[in-house]
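Build me a model:
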Amino acid sequence: MLPPGLLYEEKRLQALRRYDILDTLPESEYDDIVQLAAQLCGVPIALVSLVDRERQWFKANVGLPGVRETERCVSFCTFAIEREHVLVVEDASQDPRFAANPLVAGAPYIRFYAGAPIQSEDGFTLGTLCVIDRQPRVLDEQQRSNLLALKRQVELLLKLRLQVKQTEARNRQLLESSGDAVFLLDEAGRIIEVNPVAERLLGRAAPALFHTSFEALAPEHEREPLRQSLQSLLSRGTLRLENLGLCSPRGERFALDVVASLQEVGSSRRLLLVGHDLTEKRRLEQQGIQNERLASVGALAAGIAHEINNPMAYVLSNLGYLQGWSQDLERQLKGTPGFPAHLADLFTEAKEVIAESLEGCNRIRDIVRDMSFFSRAPDNALTPVNVNGSLDFVLRMAHSELKRTATLVKEYASELPTVFACESRLSQVFLNLVINAIQAMQPGAPQRHTLRVRTAREGGFVRVDVSDSGHGIAPEVLPRIFDPFFTTKPAGSGTGLGLSISHSLVQKMGGQLRVRSEQGVGTTFTLLLPLGEPAAEPRGVLAS
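Predicted coordinates for the structure are as follows:
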């Protein structure tokens, strides 16, 4: 039974728990204090005793080898923590509170006890620094003063422990929330903590990285310079490492810009490395270069289109004249007596040749016109757009790719109302979806694959479905397909920006972009474009 007077017991136990010290390993700082307490007080036993709910546990112990704790119901310290000053029991066998105590009647045969209460910063008593003898004795004023001075050192150690614990908690929170990769190393350069960003970049969970040499994460030819840099950090205190190479899960090199600092807590030294991933930066740089190239190609295409249009007009005009002249000549000659039969065959062949030439030239004219439209800088104004017509334009642009891959099926709604959109931007979205659909199907067997383009009115929207019969999208990949730079294509085959840009453009036009996919069956992208005036608030992207 607990003695009376501990009305604040639950709060006291909460204060003890905050230090997270119970059942920890021995520490030399506490051991030194009990050694000194025993010498100064001239006793064989000294303890740092922390009083838990049902036991007293010894953080430091001299004179009771192998004893880590005793039951609280027989402890002297339970009485000592009720007092503000040192509790002194000169002869326990003569004290009615302790005479029948099994620690007095039996081993270790306590006779003398003096315990100085150890307090938390908020005033709760956690335990005692106590000295014990097997012989009755008195505690003089100098010894009492020494015992109080030493218990203040215990309180200081506990305060430092709590501060370190709180600092570690803050650091852990920073680790978890940081957008950069964070590594905490011991003095030998071994990993003792990483954050989720570092785990993702390295493709390994934190437990698998613990105690791994940090330099071992770098490509082999970069390990020695990295080891030297870490050694330099120990003497310099801070360091910046540019373009530090580490290995990705696939063995590829990725680069970090690292700011490193030396952290000293007590006698411990830690190396803190914060690395900014350069992958996205380089992708943006490459995308900028590609955008410049595309702009140049667009300007070149516009110039070429203008140069082609003029002579193409002459050719079409002349072919039209030649077609009419051939027809007139055939009619006149057929009315002439003795018209040779073989000339009729020649006129038939000539008509086919002229017709094919006209068809080819008209095709060139349409391609040039489409190139001119697509290379023209958009004004981003939202105007009424004929969706069916815009789709036809895009399908003509993709015809050469499509004819080698799939059969085109168009299911257009008749009398489809116009939508408010930026026509060039909408064409860009349609073209991206059509090209993606074509690339999802195996080329060379158009009879086996189908590209289906469907339009319909659905409530206050025009719905456009672009469906392929390709390989489909894996369920774990589907939620990420609209993320910038995310791509499942091989390196160099795509930037991972097409769907992200399409999503953004559709949102700006007040629409929605959805995707539905089944592996081995195919994928359908659905656009919902608002009728009438554009929506005030952009709508979100849905992936299912």
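
Go ahead and name everything in contact with stretch 330-343.
The contact list for stretch 330-343, computed with CB atoms under 8 Å, 6 or more residues apart in numbering, reads 344, 347. To be clear about C-beta, it is placed using only N, CA and C from the backbone, and glycine gets the same treatment.

Report the rounded mean pLDDT for that stretch.
The average pLDDT for stretch 330-343 rounds to 76.

mind giving me the domain ranges of the chain?
In the domain annotation for the chain, the residue ranges read 9-168, 178-277, 281-377, 378-544 (automatic domain parsing).

could those be laid out in CSV, adding mean neighbour count?
Below are the domains of the chain laid out as CSV (neighbours: other CB atoms under 10 Å):
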stretch, mean neighbour count
domain 9-168, 17
domain 178-277, 16
domain 281-377, 13
domain 378-544, 17
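
can you tell me which residue is nearest the centre of the protein?
Geometric centre of the chain, nearest residue: V197, 6.0 Å, by CA atoms, centre = their mean.

CA atoms only: put the strand or helix carrying it into PDB for me.
Assigned by DSSP states H and E, V197 falls within helix 196-202. Coordinates of each C-alpha in helix 196-202 appear next as PDB, following Å, rounded to 0.1, in the frame of the first residue of the first chain:
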ATOM      1  CA  PRO A 196      11.200   9.400 -46.100                       C
ATOM      2  CA  VAL A 197      12.600  11.400 -49.100                       C
ATOM      3  CA  ALA A 198      16.000   9.600 -48.700                       C
ATOM      4  CA  GLU A 199      14.200   6.200 -48.400                       C
ATOM      5  CA  ARG A 200      12.300   6.900 -51.700                       C
ATOM      6  CA  LEU A 201      15.400   8.000 -53.600                       C
ATOM      7  CA  LEU A 202      17.400   5.000 -52.400                       C
END
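
Other residues contacting the helix or strand following it?
Downstream of helix 196-202, the next assigned helix or strand under DSSP H and E is helix 206-209. With CB under 8 Å, 6+ apart as the contact definition, helix 206-209 has outside contacts at 191, 193-194, 198-199, 202.

which stretches of the stretch 351-500 of the chain form helices?
Ranges of helices within the stretch 351-500 of the chain are 387-397, 399-402, 423-439, 498-508, based on DSSP state H, counting those that start in this stretch.

As a markdown table, these with mean pLDDT would be great.
Listed next are the helices of the stretch 351-500 of the chain as a markdown table, based on pLDDT from 0 to 100:
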| stretch | mean pLDDT |
| --- | --- |
| helix 387-397 | 88 |
| helix 399-402 | 82 |
| helix 423-439 | 86 |
| helix 498-508 | 76 |
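
Make CSV from those helices and add distance to S49 to it.
As requested, the helices of the stretch 351-500 of the chain are exported to CSV (distance: least, CB to CB, whole Å):
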stretch, distance to S49
helix 387-397, 82
helix 399-402, 82
helix 423-439, 71
helix 498-508, 63
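
Among those, which comes closest to A46?
Closest of the helices of the stretch 351-500 of the chain to A46 is helix 498-508, at 68.4 Å (criterion: CB to CB).

which other helices and strands contact the closest one?
Contacts defined by 3 or more CB pairs under 8 Å, 6 or more residues apart in numbering; DSSP states H and E place helix 498-508 against helix 423-439, strand 512-518.

Not counting sequence-adjacent ones, nearest residue to L174?
With CB to CB, 6 or more residues apart in numbering as the criterion, L174 has its nearest non-adjacent residue at 7.6 Å, and that residue is V182.

How about the secondary structure of the one you found?
With DSSP: H, G, I helix; E, B strand; the rest coil as the basis, V182 sits in strand.

That one contacts L271, doesn't it?
No - using CB atoms under 8 Å, V182 is not in contact with L271; the gap is 11.4 Å.

between those two, what contacts are shared?
Listed as contacting both V182 and L271 by CB under 8 Å, 6+ apart is no residue at all.

Check which helices and strands the helix or strand containing V34 is in contact with.
Following DSSP H and E, the helix or strand that holds V34 is helix 28-41. In this structure, helix 28-41 makes packing contacts with strand 45-51, strand 55-62, strand 125-133, helix 141-177, judged by 3+ CB pairs under 8 Å, 6+ apart.

how far off helix 141-177 does that helix point, in degrees?
Inter-element angle recorded for helix 28-41 and helix 141-177: 170 degrees (by axes from the mean of the first three to the mean of the last three CA atoms, to 10 degrees).

Relative to V51, how far out is E69?
Using CB to CB, to the nearest Å, we find E69 at a distance of 10 Å from V51.

no no, E458
E458 sits 72 Å away from V51, going by CB to CB.

Check L246 too.
For L246, the distance to V51 equals 49 Å [CB to CB].

Equivalent analysis for G459, please.
G459 sits 71 Å away from V51, taking CB to CB as the criterion.

Point out where the stretch 351-500 of the chain drops to low pLDDT.
366-381, 483-498 (pLDDT under 70).

re earlier: looking at the helices and strands packed on helix 28-41, which is closest to L346?
Between those, helix 141-177 lies closest to L346; by CB to CB that is 82.9 Å.

CA atoms only: put stretch 414-433 into PDB for me.
Extracted C-alpha coordinates of stretch 414-433, given in PDB (Å, rounded to 0.1, in the frame of the first residue of the first chain):
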ATOM      1  CA  SER A 414     -24.800  14.500 -84.600                       C
ATOM      2  CA  GLU A 415     -25.800  18.100 -83.900                       C
ATOM      3  CA  LEU A 416     -23.200  18.300 -81.100                       C
ATOM      4  CA  PRO A 417     -23.300  21.700 -79.400                       C
ATOM      5  CA  THR A 418     -20.200  23.800 -79.400                       C
ATOM      6  CA  VAL A 419     -18.000  24.200 -76.200                       C
ATOM      7  CA  PHE A 420     -16.200  27.200 -74.900                       C
ATOM      8  CA  ALA A 421     -12.500  26.400 -75.200                       C
ATOM      9  CA  CYS A 422      -9.200  27.600 -76.600                       C
ATOM     10  CA  GLU A 423      -9.200  25.700 -80.000                       C
ATOM     11  CA  SER A 424      -5.500  25.300 -80.400                       C
ATOM     12  CA  ARG A 425      -5.100  24.100 -76.800                       C
ATOM     13  CA  LEU A 426      -8.000  21.700 -77.100                       C
ATOM     14  CA  SER A 427      -6.400  20.300 -80.200                       C
ATOM     15  CA  GLN A 428      -3.100  19.900 -78.300                       C
ATOM     16  CA  VAL A 429      -5.000  17.800 -75.700                       C
ATOM     17  CA  PHE A 430      -6.800  15.700 -78.300                       C
ATOM     18  CA  LEU A 431      -3.500  15.100 -80.200                       C
ATOM     19  CA  ASN A 432      -1.700  14.100 -77.000                       C
ATOM     20  CA  LEU A 433      -4.500  11.600 -76.100                       C
END
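
Can we start the residue count at 54 from this point?
Fine by me, first position is 54 from now on; the one you just mentioned is stretch 467-486.

Enumerate every residue touching Q316.
Applying CB under 8 Å, 6+ apart to Q316 gives the contacts 237, 322-325.

Tell me what it is bridged to.
Beta bridges link Q316 to R323, judged by DSSP bridges.

got a pLDDT number for it?
On the pLDDT scale, Q316 is placed at 84.

Helix, strand, or coil at the residue of the chain most remote from its centre?
Ranked by distance from the centre of the chain (CA atoms, centre = their mean), the top residue is P390, with 87.6 Å. Three-state call for P390 (three-state DSSP): coil.

measure it to L399 for me?
Taken as CB to CB, the span from P390 to L399 is 19 Å.

swap in D521?
Distance, D521 to L399, by CB to CB: 46 Å.

Against N439, how distant is the closest residue in space to Q481 that isn't next to it in sequence?
Of all residues not flanking Q481 in the chain, L558 sits nearest, at 6.8 Å (CB to CB, 6+ apart). Using CB to CB, we find L558 at a distance of 18 Å from N439.

what's the answer for L78, then?
Counting by CB to CB - L78 and N439 are separated by 78 Å.

same question, P149
Relative to N439, P149 is positioned 104 Å away (CB to CB).

what do you get for G564?
G564 sits 16 Å away from N439, going by CB to CB.

Before I go, just wanted to say thanks for your time.
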